[in-house]
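*Asks:* Sequence first, predicted model second:
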Amino acid sequence: MFGEESGVLKSSLRGRENGETLAEGGGLIVDGVNADGSPNTTKVTAQAYFNALFQNHEANIVSATFTKLREVRLNYAVRPSIASKFRVSAMNVAFVGRNLWLHAAAPDIDPETAFDNSNVQGIEFIGVPSTKSVGFSINVTP
């Protein structure tokens, strides 16, 4: 809801394909009817449309179920004969990746980090994307 209202989500691009203002060719005609029953033909800016939808909570109710690949670690134990050349008894080298994949029913957010566990459970509080990281580690035993 906050992402569409502020225009930072892909879903909020609708109506901005040809410009930001009506004079620039931007805007959209929302499906619906006028009070007299005739089809709506009034063009509004994307900003006006998404601002008007801001407090429409029903459109933003989604399941918080998700599957996530939190960590992948590929570890190699260096043979003792090689480790001894570095004057250590054991050595491990590893590639580590964190938050590499997320499949969530809630679009554009990580349900694991975006929700509060206080008395307002189930309400998303403007979560930021989880950081993906890759790296390596070397562990040595003297």
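*Replies:* All right, it came through fine.

*Asks:* Please enumerate the strands of this structure.
*Replies:* According to DSSP state E, the chain carries its strands in the segments 28-29, 43-44, 66-78, 90-104, 133-141.

*Asks:* counting contacts, what elements does the fourth one pack onto?
*Replies:* Packed against strand 90-104 by the contact rule (3 or more CB pairs under 8 Å, 6 or more residues apart in numbering; DSSP states H and E) you find strand 66-78, helix 80-83, strand 133-141. Using the backbone N, CA and C atoms, a C-beta is placed for each residue, glycine as well.

*Asks:* Nearest to residue 1, out of the strands of the chain?
*Replies:* Residue 1 lies closest to strand 90-104 among those, at 16.0 Å (CB to CB).

*Asks:* pLDDT below threshold where in the chain?
*Replies:* Counting by pLDDT under 70, the chain has low-confidence residues at 115-122, 125.

*Asks:* and the longest helix for it?
*Replies:* helix 46-52 (DSSP state H).

*Asks:* so what does that helix touch, helix or strand wise?
*Replies:* Judged by 3+ CB pairs under 8 Å, 6+ apart, helix 46-52 is in contact with helix 2-6.

*Asks:* buried ones in the helix it packs on?
*Replies:* Neighbour counts over helix 2-6 (16 or more other CB atoms under 10 Å) mark 3, 4, 5 as buried.
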